[in-house]
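Asks: Any chance you can model this:
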Amino acid sequence: MTKETTYAIVVEKLTKRYGELLAVNDISFTVGKGEVFALLGPNGAGKTTSVEIIDTIRAPTSGKVTLLGMDVTKRKYDIVRRIGVLPQGFSSFDRITVRETLQFYLRLFCCMNTDIDALIELVNLKDKTKEQYKNLSGGLRQRLGIAIALVNDPEVVFLDEPTTGLDPRARREVWEVLLGLKEKGKTVFLTTHYMEEAELLADTVAIISKGEIIAMGSPGELIENNTKYLDLTLQSVDEKAFEVVRKMGFDPLLDNHRDIKVRVEHTDDVQKILSAIKDAGALYLGLDVRKPNLEEVFLKLTGEALHDGYVEEKGAE
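Replies: Residues are numbered from 1 along each chain as shown. You can find the predicted model right below:
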């Protein structure tokens, strides 16, 4: 198989400079056809710049990007007819309805044979077709934006921070739409700084920091390769249990709810801790054992702090 038949996107040594600012620094990766690929990183990491080069909006300083077998710097006209783009901060016309909005974009992109009803059903807007854009919630607006990105039945869909600013419920509704695109065999290129979003949706995740790809793989592979421990939580413990765990050589943390949190390297350690607590006659009301998530991988690799789903970092993309 050739690269053209295997991959929707091939990025080779891509670099972008803005004067002295090195926004994207010699990155390379591939995106398989039919997969969801998430470019994960903080604001200012180079996500938006990278995707705007790939979808032909910006020109690279150096390197090569091939999209659907075509060089993005030489075949822009052919490429744009086969891709869909939802830019960050999408907006539309306030006083036209959902259906009228889609009709407008169908005419704009000369896609009059597109089935509007099928698009509306795909993004779960059947009950909102007569609603004006100005009256839609943030989540509904994003779902409409995704529908607009699909009016030309694209092979590759670019979604730049599609759930930024949405509440948790609206975010999950958008995720359901994105999973529907995957089921239809679309290649989805997603940029996000929500760890849970990338972990749930993506087949492949690339973590970008300061313009460089610092890790890439499936969410499971990234977690497995970068975190060799389990997190054990013992709920509502007494002081004796805490002392038992500490004397075993672990470093337990006791929170305000009297829950002990212990990081262990092996599953056998969990059983040893529970047995020691039982033998000491100490008490706890419940327990939880879980593997680390993608957020912890990100923190380990970048050293940056996350708050409420956002990475705190100054800078512009």
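Asks: Spell out the residue ranges of the helices in this protein.
Replies: 3-6, 47-54, 76-80, 98-108, 116-122, 138-149, 168-183, 195-201, 219-226, 239-247, 267-279, 294-302 (DSSP state H).
Asks: Which strands or helices does the fifth one pack on?
Replies: I take that to be helix 116-122. helix 98-108, helix 138-149, helix 168-183 (3 or more CB pairs under 8 Å, 6 or more residues apart in numbering; DSSP states H and E). For the C-beta atoms, the positions are set from N, CA and C on the backbone; glycine is no exception.
Asks: Report the angle between the first one and helix 138-149.
Replies: The one in question is helix 98-108. Relative orientation of helix 98-108 versus helix 138-149 (axes from the mean of the first three to the mean of the last three CA atoms, to 10 degrees): 30 degrees.
Asks: ok so, going back, most neighbours per residue, which of the helices of the chain?
Replies: helix 47-54 (a mean of 24; mean count of other CB atoms under 10 Å).
Asks: now for that one, which elements pack on it?
Replies: Judged by 3+ CB pairs under 8 Å, 6+ apart, the packing partners of helix 47-54 are strand 7-18, strand 21-32, strand 36-40, strand 62-67, strand 156-160, strand 187-192.
Asks: what residues are up against the closest residue to residue 93 other than its chain neighbours?
Replies: Residue nearest to residue 93 in three dimensions, not counting chain neighbours: residue 133, with 6.0 Å by CB to CB, 6 or more residues apart in numbering. With contacts defined as CB atoms under 8 Å, 6 or more residues apart in numbering, residue 133 is in contact with 92-98, 101, 141, 144.
Asks: Identify, from those residues, the entry nearest to residue 260.
Replies: Nearest to residue 260 out of these is residue 141 (CB to CB; 44.0 Å).
Asks: Verify the contact between that closest one and residue 93 for me.
Replies: No - Residue 141 lies out of contact with residue 93 (CB atoms under 8 Å); the separation is 11.7 Å.
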